[in-house]
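Asks: Here is a sequence with its predicted model. Questions after.
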Protein chains: 2
Amino acid sequence: MTSRRPRSEPGSDNAFGAPSARKRATINDIARLAGVSKKTVSRVINRSPFVKVETRDKVNAIIKELGYRPDPQARGLAFRRSFLIGMIYDNPNPQYVVNVQQGILDAVRDSGLELVVHPCNRASPGFLDQVQAFVEQLKLFGVVLTPSVSEDDDLVAILRDLDCPYVRVASVSLDDAERMIVTHDAAGAAEAARHLADLGHRRVAFISGLPSFRSSHERRRGFAEGLAERGLELKERYVVEGAYTYDSGVACARKLLAMDVPPTAIFTGNDEMAAGVYTAARDAGVSIPGDLSVIGYDDSPMAARLWPPLTSVRLPIRDMGRFAAEKLIVLANAESDTSARHPEVRPGLAVRESTARPR
Amino acid sequence: MTSRRPRSEPGSDNAFGAPSARKRATINDIARLAGVSKKTVSRVINRSPFVKVETRDKVNAIIKELGYRPDPQARGLAFRRSFLIGMIYDNPNPQYVVNVQQGILDAVRDSGLELVVHPCNRASPGFLDQVQAFVEQLKLFGVVLTPSVSEDDDLVAILRDLDCPYVRVASVSLDDAERMIVTHDAAGAAEAARHLADLGHRRVAFISGLPSFRSSHERRRGFAEGLAERGLELKERYVVEGAYTYDSGVACARKLLAMDVPPTAIFTGNDEMAAGVYTAARDAGVSIPGDLSVIGYDDSPMAARLWPPLTSVRLPIRDMGRFAAEKLIVLANAESDTSARHPEVRPGLAVRESTARPR
DNA sequence: CCCAGTATGGAAACCGGTGTCATGATGGGT
DNA sequence: ACCCATCATGACACCGGTTTCCATACTGGG
C-alpha cells in the first residue's frame, strides 16, 4: 500500500457525515398520486387561487394521507429566502430574552416558521460583520431586534440594505410604526413617579442606567414628567448615573443616602440596581419602605423575592415578542393591510411593599 | 457607531465586472473565475483531499476575494440535512436556558451552524408529534436536550428513529457517554450536605423538586450520601416534597419550621424554593443564618441579591451548552475519535452568608 | 516507449421545491 | 357560429449546491 487514500473518491468526501435513510414523500409523489403536475401541487401548497376546487381538494386529500410537508430547504432555495426568523439581542436579562423568544414562537405557531437566536455584543469588533453574515447567510425571513441592538442605526442600515424585514423593540419609536414595538418606557417611569408622588414623597431620586441605552434617558424623562404632573421637580442632585448593574446600584444608592438631605424615595432604571439600593440601605441602617421607598424596572422574577418585595414597572415581554413577530409576518408578506391591529404595549406598575408613605 | 464598513456603494468602483452589488457570488461564479468546474470548487469547500494544492489555493484565493460563502439551503438540500442545531427545552429557568444557548453558540462559532430554539411542554397533548415535526421538518443537524425533556425516553426514541444526532444534558447518565452531559446533581447536593455537616448542623432538611424530575431524586440521594459521609442521616420526616416553585418553597418551609424539633438547616432543590424558605422564615421569626441555614441549587442571579446572600450550588451552565454542542458535532460527523476529550461537569458550592454554625 | 494504474477535473443528473410561459378548456358578447 | 378574455394546468428551466460517472493527465515499471 503506497497510500492510505482510497483509490476512488468516496461518496462522502465532505466534512459532515452521511444522511439518514428513510424517505419522506416529496412533491413528485403527491403529483403522481393525484394525477397532476408538481406545479399544480405547488399551487395548492401556496394557496394559489388559480386551482379548481375539485383539484385542490383531491391534492389536499393525498397530502393529508401521506402526511406530506414541503421541505423548507428546497422551498427556501427556490424562494431565495428561508423560513427562519432571527432574534438578535444583547440584553443581559435572561428573563427578557426567553420571554421574547416565547412570544415570537407564540406568533409563528403552525406557520412553518422557526426561530434562530443570535446573541451578540455591540462592543466587540466585527459585530456588524457578524450580524450581516448571520442575516445574509441564512436569508432570514425577518429579524426581531431587542434593546440595545434595536437602537443601532448602523445595524438597521445593513438590514435595509439586505432587504431583510425587521421589527425593532425599543423604548421609544425609532422607525416607521409598522417596524416598531414601542415599550413606552417614559410612560412606565411616569407611573412610578405618580405612585411616589401620590404617596406623599417630595424628595425623590433617580438612578439611571448607562447613557448608551436609550431606555436610560426615556425612563429619566418619563420619571421627571410624571413628577411634574404632580407639581414636583426631579432635582439634578437627585439624579445619579448607574450602569444597570447591581454594583452600580449599590454605589449610587450610597451616594444618595449619604447626602445631607437624602431622598425619601429612589426609582432605579432596572431591578438589578434596585437590589443594589436594598443592600446600600441595609448597610446604612435605612429601612425600606419606612425610611426609603424603592421602585425598580422590569419586574424580574427577583423583584417579588426580595425583602420587602419590590415595587417595579412591569412589561408584557412575551406579548411584545408576539407582536413583533406578527408585525414581521405582515412586513415579510408585504401585506398592505393597513387595517391591521396595532396593539400597544403599555407598561404597568406592580405595586409591592417597597413603597409606602414617607415618615 | 464604530466601524464604517465598505459595502459596495452605488458609485464605488468595482474591480470586476461584478454583477449587481446585490447578488451574492455562487459556486458557479467561483468556478468560472478560477477556471475550474463547480465540482472542483465543491471539493475545495468540503476539504476533499483529491485536489491539487495549486488548484486549491487558487480557488481559495478567489473565494476569499469575492467573500463567497456557500448557501446553507442549497448545501443542505443536496446533503439532505440542514446546518441547524435544535435546542429543545422545557426548563422554566430563563438563566439556564439563555446560558445553554450561549454555550452552544460558543461551540459552533464560525462553523456555519446556527441555533434554532424549541421550547415545549411535556404535558401538552401532541408534544411528541410537535417535536418530531420540528426535527424532521428542519432536518436538524443535531439536537441538544436539557432537563426535563432530556429525560424523556419516548422523545429520544423518536430522535433515534429519525437518525438525528442528539446530546442529552441531565443530572445523571441516561445514555451512551458520547450522548450525555452529566451534571452530577448528586455530587452537588453532597457538597451542600458536607458544608452543612461541617458547620455542625445535625438536623438538616431537604425540600425536593417535583418527583417527575430526575434531578429531584438525584439531589436528594446526593444530599443523603453527603450527610452519610459525615456520619449523619437524612431523616424521612425532614424531607418534604416541593414543586420547584417559590410558593411550594414557602409551604414546605412552613411545615418544617412548625415541627416540634425543627431543622437547623434546609437544602432546597433550587433557588426559587430557597427564596420561599426565606419568606417562611421571616414570617416565623426565624433568622437566617442565625437560627436556620439555607442552601439553594442553581446559583441563579437572584441568589446573590437575596438577604442574606444565598449559598447555592453552582453549575457551569454555559460550559455545559458548549460541551453538548461539541459532542454533537463529533456525533454528527461520525468521528470515531475516541481520544476526544470528555470534559466533566462538576457542580461547585457558592458559599455566601445564608449558612453558618448552628446556635 | 508502451501500458497499467492512479490522480484530477468535468458533464450531467439530482436534491425538492418555484417561476415563466405556453396551451387547452371554458364561456360571454356580438 | 366566432372571437377573445379568463381560468386551469403542465412543460421546462432554475435556485445553488452535491454526487455519479466518465475522461483525461500524469506516474512509474517493464
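Replies: Yes, it's here.
Asks: From here on, just use CA atoms for contacts and neighbour counts.
Replies: Will do.
Asks: Show me what residue of the stretch 51-200 of chain A gets nearest to chain B.
Replies: For the stretch 51-200 of chain A, the residue closest to chain B is residue A:116, as judged by Cα to the nearest Cα, at 4.4 Å.
Asks: where does that residue land on pLDDT?
Replies: Listed pLDDT for residue A:116 reads 98.
Asks: isn't there a helix covering it?
Replies: No: applying DSSP: H, G, I helix; E, B strand; the rest coil, one finds residue A:116 to be strand, outside a helix.
Asks: Is the nearest residue to residue A:50 once chain neighbours are set aside within a helix or a strand, and which one?
Replies: Of all residues not flanking residue A:50 in the chain, residue A:43 sits nearest, at 7.8 Å (Cα to Cα, 6 or more residues apart in numbering or on different chains). Using DSSP states H and E, residue A:43 falls within helix A:38-45.
Asks: what's that helix packed up against?
Replies: Under the contact criterion of 3 or more Cα pairs under 8 Å, 6 or more residues apart in numbering or on different chains; DSSP states H and E, helix A:38-45 touches helix A:27-34, helix A:53-66.
Asks: by how many degrees do it and helix A:53-66 diverge?
Replies: Angle, helix A:38-45 to helix A:53-66, by axes from the mean of the first three to the mean of the last three Cα atoms, to 10 degrees: 90 degrees.
Asks: show me where the stretch 101-250 of chain A has helices.
Replies: In the stretch 101-250 of chain A, the helices defined using DSSP state H, counting those that start in this stretch lie at A:127-138, A:153-161, A:185-199, A:214-229, A:246-257.
Asks: now what about the last one, what contacts it?
Replies: Applying Cα atoms under 8 Å, 6 or more residues apart in numbering or on different chains, the external contacts of helix A:246-257 come out as A:205, A:207, A:238, A:240-243, A:262-263, A:268, A:272-281, A:284.
Asks: Restrict those residues to the buried ones and give me that as a PyMOL selection.
Replies: Selection command for PyMOL covering only the buried members of the contacts of helix A:246-257, criterion 16 or more other Cα atoms under 10 Å in any protein chain shown:
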select buried, chain A and resi 205+207+238+240+241+242+243+262+263+268+272+273+274+275+276+277+278+279+280+281
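Asks: what about the strands in chain A?
Replies: Remark: strands assigned in chain A by DSSP state E are A:84-89, A:114-119, A:142-145, A:166-170, A:180-182, A:204-208, A:239-241, A:265-268, A:293-298, A:311-314, A:348-350.
Asks: mind checking how far the residue nearest to residue A:50 is from residue A:332?
Replies: Using Cα to Cα, to the nearest Å, one gets 20 Å for the distance from residue A:43 to residue A:332.
Asks: Check what pLDDT the closest residue in space to residue A:190 that isn't next to it in sequence gets.
Replies: Distances taken as Cα to Cα, 6+ apart place residue A:226 nearest to residue A:190, at 4.0 Å, with adjacent residues excluded. Per-residue confidence (pLDDT) for residue A:226: 98.
Asks: circling back: including distance to DNA strand C, could the strands of chain A go into TSV?
Replies: As requested, these are exported to TSV (distance: least, Cα to the nearest atom of the strand, whole Å):
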stretch	distance to DNA strand C
strand A:84-89	15
strand A:114-119	17
strand A:142-145	17
strand A:166-170	21
strand A:180-182	28
strand A:204-208	49
strand A:239-241	52
strand A:265-268	51
strand A:293-298	42
strand A:311-314	42
strand A:348-350	43
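Asks: Look at the closest residue to residue A:352 other than its chain neighbours and report its pLDDT.
Replies: Closest residue in space to residue A:352, ignoring its immediate chain neighbours: residue A:311 at 4.5 Å, by Cα to Cα, 6+ apart. We note a pLDDT of 98 for residue A:311 in this prediction.
Asks: Who does residue A:311 form a beta bridge with?
Replies: Residue A:311 forms beta bridges with residue A:295, as assigned by DSSP bridges.
Asks: Same check on residue A:206?
Replies: Per DSSP bridges, the residues bridged to residue A:206 are residue A:239, residue A:267.
Asks: Any residues of the stretch 51-200 of chain A in contact with DNA strand D? List them.
Replies: The stretch 51-200 of chain A has residues A:51-52, A:54-56, A:74, A:77-78, A:80 near DNA strand D, with proximity defined as Cα under 7 Å from any atom of the strand.
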